[in-house]
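K.L.:
Structure for the following, please:
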Amino acid sequence: MALTKNDIVTSVHELGFTKKKSVEIIETLLEIMKSTLEKSEDVLISGFGKFCVKQKQQRRGRNPSTGDDLILKERKVVTFKCSGKLRDKINGQ
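P.N.:
Have a look, this model is predicted:
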C-alpha cells in the first residue's frame, strides 16, 4: 500500500501539531519542492535522496496498442536517486 499525503499529515499531527498546521506544513514543503524542480534545480534531502530534472530528447516510439510508430516530443522528467543510507536501510544492512 502506498504512503499518501494524508498519511504524512497524520504523522506530523501526531507530533503535536494541529491538523490545520500539519496540512499547512506538508503543503508548504511540497510547494517548495515543486517550485524548485520547476526551475530545473535539484532537491537534495540528506539521508533520503536527490530529485533531479532531466531533459529527454525527441525520439522514436511506438504505440503499444496499435503498433504505429510515432515521435515522442522532447520533455523534462523528474528522476530520483536514493541516498546510500536509504538504500542500505531498504536492503536491511
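K.L.:
Now the helix or strand that contains residue 79: buried residues?
P.N.:
Using DSSP states H and E, residue 79 falls within strand 75-82. Buried residues in strand 75-82, counted by 16 or more other CB atoms under 10 Å: none are found. From N, CA and C alone the C-beta is placed, and that goes for glycine too.
K.L.:
partners of it in the sheet?
P.N.:
Strand 75-82 has the following sheet partners, assigned by DSSP bridges: strand 49-56 (antiparallel).
K.L.:
Correct me if wrong: residue 71 contacts residue 57.
P.N.:
No: using CB atoms under 8 Å, residue 71 makes no contact with residue 57, being 11.0 Å away.
K.L.:
So what touches the strand holding residue 79?
P.N.:
Here strand 75-82 makes contact (CB atoms under 8 Å, 6 or more residues apart in numbering) with 37, 40, 48-56, 90.
K.L.:
Throw the residues you listed into CSV and include distance to residue 63 and pLDDT, thanks.
P.N.:
Below are the contacts of strand 75-82 laid out as CSV (distance: CB to CB, whole Å; pLDDT from 0 to 100):
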residue, distance to residue 63, pLDDT
37, 29, 97
40, 29, 94
48, 37, 95
49, 33, 97
50, 33, 97
51, 30, 97
52, 29, 97
53, 27, 96
54, 24, 96
55, 23, 95
56, 18, 95
90, 35, 93
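K.L.:
Among these, name the buried ones.
P.N.:
Neighbour counting over the contacts of strand 75-82 (16+ other CB under 10 Å) leaves 37, 49, 51-53 as the buried ones.
K.L.:
Pick out the most distant pair among those.
P.N.:
Across the buried ones among the contacts of strand 75-82, the longest distance by CB to CB is 14.3 Å; it joins 49 and 53.
K.L.:
Pick out whichever of the contacts of strand 75-82 sits closest to residue 30.
P.N.:
Closest to residue 30 out of the contacts of strand 75-82 is residue 37 (10.5 Å), distances taken as CB to CB.
K.L.:
Quick one: residues contacting the closest one.
P.N.:
Residue 37 makes contact with 43, 51, 53, 78, according to CB under 8 Å, 6+ apart.
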